[in-house]
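Novice: Need coordinates for the following:
(2 chains)
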Amino acid sequence: MTSTADRLVEFDDVLTRYEPVIGLETHVELGTASKMFCGCATTFGAEPNTHTCPVCLGMPGSLPVANAAAVEATIKIGLALGCRIANWSRFARKNYFYPDIPKGFQTSQYDEPLCVAGHLDVEVDGTTHRVEIERVHLEEDTGKNLHVGGATGRIHGADHSLIDFNRAGIPLVEIVTRPVPGAGRLAPEVARAYVTELREIVQALGVSDVRMEQGSLRCDVNISLNPVGDLEWGTRTETKNVNSLRSVERAVRFEMRRQAAVLDGGGRIVQETRHFHEDTGSTSSGRSKEEATDYRYFPEPDLVPLAPDAEWIEKLRAELPELPAARRTRLQQEWGISGTEMTWLANAGALGLVEQTVAAGATPGDARKWWLGDLARRANEAGTELAELSITPAQVAELVRLVNEGTINDGLARQVLDGVLAGQGDPAQVVEAQGLAVMGESDELVAAVEAAIAGAPDVIAKVKAGKVQALGALVGAVMKTTRGKADAPTVKRMLEERVLGS
Amino acid sequence: MTGTSSDLTRADVAELSRLLGSGEVSAVEVTRAHLDRIAADDGRLGAYLHVEDDAALAAAAAVDQARATGAELGPLAGVPLALKDLVVTEGVPTTSGSKILEGWRPPYSATVATRLAEAGTVLLGKTNMDEFAMGSSTENSAYQVTRNPWDAERIPGGSSGGSSAAVAGHLAPWSIGTDTGGSIRQPAALTGLVGHKPTYGSVSRYGLIAFSSSLDQAGPMARTVLDAAVMHEVIGGHDPRDSTSIDTPLARLADAAREGAAGDLRGVRVGVVRELGGEGHAEGYEPGVLARTREAIEVLAGLGAEVTEVSCPSFDLALPAYYLIAPSEASSNLARYEGVRFGLRAGDDGSRDLDEVMAITREQGFGPEVKRRIILGTYALSSGYYEAYYGQAQKVRTLITRDFSAAFAGVDVLVSPTTPTVAFPIGTRVDDPISMYAADLCTLPASLAGLPAISVPSGLSEGLPVGLQVMAPALADDRCYRVAAALEAAQDAARGHRLLDELGTPAGAA
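Specialist: Residues are numbered from 1 along each chain as shown, chains lettered A, B, ... in the order given. Modelled structure (predicted):
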């Protein structure tokens, strides 16, 4: 069960002896209004089993009808990934028994997928890595099992299970890469950058909200190692349900280190699925391929083949929005930043946030400074994504404005951020509520300045003797008594007026 | 004429429609006559699995009330009917002949059931069938044996044997059957009825409990060709809930039946399929069946049809192809019966895990023929065997379709016996699946090609009914009705009465 027993090789060591090959299978839940094969709603978070009907419950006699909007969304994803769109494509039944698949099979696609042979270029550390896309196909999601009574929420130790079929039948697009060799030590980052880029593309297309924490984007990560220089790839493992960008990177890193240890010890890698554990960043053995199900795929006889006509495909191609790579090139120019900086922004998942912050009135430099600085640090500390922080681009822009107007300084701004992130409202509200605004030349500040002068006659003597820079110590003292709320240049000016009489 | 209740149960739908429309009888009277007859006679026949009783009378009373208030009612308002038990009916038990669905009351209705209800028909009950429509004798029902009204020791055909027994035994004026490899046509032939399997996709499958999705079709089983055509017009036509449903208007079927009954088949080219009982292919066919078939073809020729012999060599491969495709699809279609959401759940005593409970449920819930076909189909779809079995069978299907296309280049319809034999005695084939499967020899080709085919009585052999099958190109169901109606009218006229009239009212029935 636990993976604490796994021996691990230091990451840098892995690379001295092995080369990784990675592959990713990504599931995207489409944001269509209705499910894949029936009219039920797809909204997240409804009471269990309220978005169901005879079709998505697999009642005897019910039949599926394919959702045209989902087919269109899949074609758009295929086009954005440079795929060839099949003019003849079929659904297939993937047969296996599990309580969360109501029909005893999942309606998916097998050897006749809707989109094939595309690619996605991702940039890591200034180098471009081409990830070949094998296929993009359309299928339906499963229901959700809820295991009750155990400590972990897993099936082991639970005393009963409940099934929510609200998710059953939600359209799911599966994007499968070809194996990606040659990434070397960058393999974890390439995997992450690929998922990041894919997520941005899907977001740009507007066909899914791609929220990993809600499961609308889920990743299975395949990894194998082969000795450096070997032409033959090693046996791969498939780590299932890796559900954040950070976890994708961690899962690759962990599997590389674990597999290297197994291989170093003369062992062999078992072809198996593995579970990813968010808490420890480790993986543990699931089901091995030797005992895997034979899915007995065959063409779904209840659905007619999909034969999108060329005219429709060209229309969709023409309507594609600006894709993230093109957008980055454009923004890089508009913002006057380097390619590396842009890659940084993108890989941090900050591009859209910065763009929206700029749109809300901040300068590109200020927007980048906050998102990549304080906010990135906080996201990292919380183990979450930037976009999941509870602050909006508009709020960041407001913060920037307050700083630029002199209402607050950078130090105060960090306190304001704390308030916003803690749910205390917009920056201006936090400033108001906590009294965080920079002091003007108020009585309080005058008193503080005069107290500082009175308390440091030796300093005053030095200043009057010509060592003007000694005033800096007094500025610091005033800032301290005002707990950072004073504006340092104002304090300096006030001191000079009083001491030098200028 | 005000019918006695016996008259009402012996009337065909055209007659009932006239009596109800003119107000000579009430819907309640018609329904009660049938319910009385069921009460008196179904203990012997075993046609029904569930009888609606009060609900049927209430529905009939509602029709009468509507008529009394002067509402515009359709011609079928108040006409009773029986549905094969795989037609899903909201709130009415629906078992598909299986213990695994015992007690299930569906939350929705099949499109065919809805359309018939909207036409004002009154549901008498649900009829017995081979479990999940797998069988040719109704002996594979998990519930009861159904007897042939012509000879209680014989099977009524299958899988729609409850429907054939009910309609031939005058326990319902007509019924919906379903046909995957012959399950409408074969029982109709063996009980002296008309049964039509529509063009695949021309009647909605939404709400029909699936056996083999690429083959299943619902269709009418009736006492006359015209009644069958009328029912087909009610249930047929495009349904957006079934994506294999064809979006073109139905041919004019009742008109075709009337036209055929007028007796003029000049210009109609009839092909007799050599591979279905013809020269060199008569093994397994009873002489009496072949004789009735020859005579029927002579009748058609006498009405002006041009008759030629046609060869369809791939038809010899239909049986093995069918017994790979249908079980393959069934193995998947029946995976949903595992005790999680509806129907039987067995072995869930808290000591067993999920896989065990599913296995025990399926072990207890399915009968031997269903298990046989699930195993067969699972094997045929397995990795490494798929191409050799399922793949090859699909290729045979293409060959059969090509044979039909070639044949229809030269003829308008194809004819054959519907079944190689008359109804066989109960219990004689149930332990020999291959001989049971042979009962569908003549009906399988049209099923595999998705073509319309009708069975119409052609006479008796050894006192038991024989059927003639008339097959037509896709969407030309009207040709089936026209030729069948011509044969029916000519034979009824020559005989002086309908074939079914030779089946007396059994003692004990009113």
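Novice: burial measure for residue 444, as a count.
Specialist: You didn't pick a chain, so chain A it is. Neighbour count of A:Glu444, defined by other C-beta atoms under 10 Å in any protein chain shown: 14. All C-beta atoms are positioned from the backbone trio N, CA, C, and that covers glycine.
Novice: let's do chain B instead
Specialist: Neighbours of B:Leu444 using other C-beta under 10 Å come to 25.
Novice: Next one, pLDDT for the closest residue to it other than its chain neighbours please.
Specialist: Leaving aside its sequence neighbours, B:Leu444 sits nearest to B:Ala318 (C-beta to C-beta, 6 or more residues apart in numbering or on different chains; 4.1 Å). Looking at B:Ala318, its pLDDT is 96.
Novice: just the one 5 residues further on next, same as before
Specialist: Listed pLDDT for B:Tyr323 reads 94.
Novice: Check which helix or strand the nearest residue to it once chain neighbours are set aside maps to.
Specialist: Nearest residue to B:Tyr323, sequence neighbours excluded (C-beta to C-beta, 6+ apart): B:Tyr437, at 6.3 Å. According to DSSP states H and E, B:Tyr437 maps onto helix B:433-437.
Novice: How about residues contacting the helix or strand just after that helix?
Specialist: Toward the C-terminus, helix B:433-437 is succeeded by helix B:444-449 as the next helix or strand (DSSP H and E). For helix B:444-449, the surrounding residues in contact (C-beta atoms under 8 Å, 6 or more residues apart in numbering or on different chains) are B:179-182, B:197, B:215, B:276, B:312, B:315, B:318-319, B:321-322, B:325, B:396-397, B:400-401, B:403-404, B:452-453, B:469, B:471.
Novice: buried ones in whichever helix or strand comes after helix B:444-449?
Specialist: Counting by DSSP H and E, the next helix or strand C-terminal to helix B:444-449 is strand B:453-461. Residues B:Ala453, B:Ile454, B:Ser455, B:Val456, B:Pro457, B:Ser458, B:Gly459, B:Leu460, B:Ser461 are the ones in strand B:453-461 that count as buried (16 or more other C-beta atoms under 10 Å in any protein chain shown).
Novice: Make sure the fifth one is actually in contact with B:Ala484.
Specialist: No - counting by C-beta atoms under 8 Å, B:Pro457 does not reach B:Ala484; the two are 9.3 Å apart.
Novice: which residues are common contacts for those two?
Specialist: With C-beta under 8 Å, 6+ apart as the test, B:Pro457 and B:Ala484 both reach B:Val194, B:Leu468.
Novice: give the contact list for residue 478.
Specialist: Defaulting to chain A. Here A:Val478 is in contact with A:Leu445, A:Ala448, A:Val449, A:Ala452, A:Ala486, A:Val491, A:Leu495 (criterion: C-beta under 8 Å, 6+ apart).
Novice: that answer is for a different chain, and I need it for chain B
Specialist: Neighbours of B:Asp478 in contact, by C-beta under 8 Å, 6+ apart: B:Ala251, B:Arg252, B:Leu253, B:Asp255, B:Ala256, B:Ala472.
Novice: Looking at the nearest residue in space to the second one that is not next to it in sequence now. What's its pLDDT?
Specialist: In other words, B:Arg252. Nearest residue to B:Arg252, sequence neighbours excluded (C-beta to C-beta, 6+ apart): B:Asp478, at 6.3 Å. Per-residue confidence at B:Asp478 stands at 98 (pLDDT).
Novice: same check, this time on A:Ser89
Specialist: 95.
Novice: Kindly report the same for B:Gly350.
Specialist: Reported pLDDT for B:Gly350: 83.
Novice: Near it, how many residues? Count them for me, please.
Specialist: Residues near B:Gly350, counting by other C-beta under 10 Å: 6.
Novice: wait, what's in contact with whichever residue of the stretch 251-400 of chain B sits closest to chain A?
Specialist: Distances between the stretch 251-400 of chain B and chain A by C-beta to the nearest C-beta are smallest at B:Ala335, namely 2.3 Å. B:Ala335 sits next to A:Asn95, A:Phe97, A:Lys103, A:Gly104, A:Phe105 when contact means C-beta under 8 Å, 6+ apart.
Novice: Could you pick out which of the residues you listed are located in helices?
Specialist: Among those, DSSP state H puts none in helices.
Novice: From these, list the ones also adjacent to chain B.
Specialist: Contacts with chain B are made by A:Asn95, A:Phe97, A:Lys103, A:Gly104, A:Phe105 out of the contacts of B:Ala335, judged by C-beta under 8 Å from any C-beta of the partner chain.
Novice: picking up where we left off before, mark which of the contacts of B:Asp478 are part of helices, please.
Specialist: B:Leu253, B:Asp255, B:Ala256.
Novice: now the residues you listed as CSV including distance to chain A?
Specialist: What follows is those, written out as CSV (distance: C-beta to the nearest C-beta, whole Å):
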residue, distance to chain A
B:Leu253, 24
B:Asp255, 30
B:Ala256, 28
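Novice: of all the residues you listed, which comes closest to A:His129?
Specialist: Within the ones in helices among the contacts of B:Asp478, the smallest distance to A:His129 is 63.8 Å, found for B:Leu253 (C-beta to C-beta).
Novice: Give me the pLDDT for the closest one.
Specialist: 97.
Novice: If you tally nearby residues, what's the number for it?
Specialist: B:Leu253 has 26 nearby residues by other C-beta under 10 Å.
Novice: what's the closest non-adjacent residue to it?
Specialist: B:Ala229 (4.0 Å).
Novice: same deal with A:Phe91?
Specialist: A:Glu300 (4.0 Å).
Novice: mind giving me JSON lines with the contacts of B:Ala335 and columns for neighbour count?
Specialist: Conversion of those to JSON lines gives the following (neighbours: other C-beta atoms under 10 Å in any protein chain shown):
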{"residue": "A:Asn95", "neighbour count": "21"}
{"residue": "A:Phe97", "neighbour count": "17"}
{"residue": "A:Lys103", "neighbour count": "24"}
{"residue": "A:Gly104", "neighbour count": "21"}
{"residue": "A:Phe105", "neighbour count": "24"}
